[in-house]
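Enquirer: sequence-free structure coming up:
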């Protein structure tokens, strides 16, 4: 609908914390400019291949949203121990 590509509003960040985002209002960015050390970086355009940070996909088009976001600590990994006849307590 917004031609932003894949979007995910819940998942994990690259360093582990979980996130949930709930946009209340969304606007399409119609114009922008960027420079780096005085050099114009050109017009905004979608990448050839969409990229992401953890589970958060970066939009292929400029969007701005106002809403709520929540972050929570990562869920600890459950250590799986071998079971059966060869497993001993305390290993």
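Expert: Great, that's in hand. Here the structure is a predicted model, which means the values were calculated and not measured. Residues are numbered from 1 along each chain as shown.

Enquirer: okay, CA-based contacts and neighbour counts for the rest of this
Expert: Noted.

Enquirer: where's the spatially most central residue of the chain relative to residue 6, distance?
Expert: In the chain, the centroid-proximal residue (Cα atoms, centre = their mean) is residue 56; its distance is 1.3 Å. The gap separating residue 56 from residue 6 is 9 Å, by Cα to Cα, to the nearest Å.

Enquirer: Tell me which stretches of this structure form strands.
Expert: For the chain, applying DSSP state E gives strands covering 10-12, 18-28, 35-36, 39-40, 52-53, 56-57, 63-72.

Enquirer: need those strands in JSON lines with mean pLDDT, can you?
Expert: Formatted as JSON lines, these follow (pLDDT from 0 to 100):
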{"stretch": "strand 10-12", "mean pLDDT": "90"}
{"stretch": "strand 18-28", "mean pLDDT": "92"}
{"stretch": "strand 35-36", "mean pLDDT": "96"}
{"stretch": "strand 39-40", "mean pLDDT": "96"}
{"stretch": "strand 52-53", "mean pLDDT": "89"}
{"stretch": "strand 56-57", "mean pLDDT": "88"}
{"stretch": "strand 63-72", "mean pLDDT": "91"}
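
Enquirer: mind giving me CSV with the ones you listed and columns for distance to residue 2?
Expert: Conversion of these to CSV gives the following (distance: least, Cα to Cα, whole Å):
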stretch, distance to residue 2
strand 10-12, 19
strand 18-28, 8
strand 35-36, 26
strand 39-40, 26
strand 52-53, 18
strand 56-57, 14
strand 63-72, 9
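
Enquirer: So what's the residue count around the residue nearest to residue 67 when sequence neighbours are not counted?
Expert: Spatial nearest neighbour of residue 67, chain neighbours left out: residue 23 (4.2 Å); criterion: Cα to Cα, 6 or more residues apart in numbering. Other residues near residue 23 come to 12 when the count uses other Cα atoms under 10 Å.

Enquirer: correct me, but residue 23 touches residue 68?
Expert: Yes: in this structure, residue 23 is within contact of residue 68 by Cα atoms under 8 Å, at 6.3 Å.
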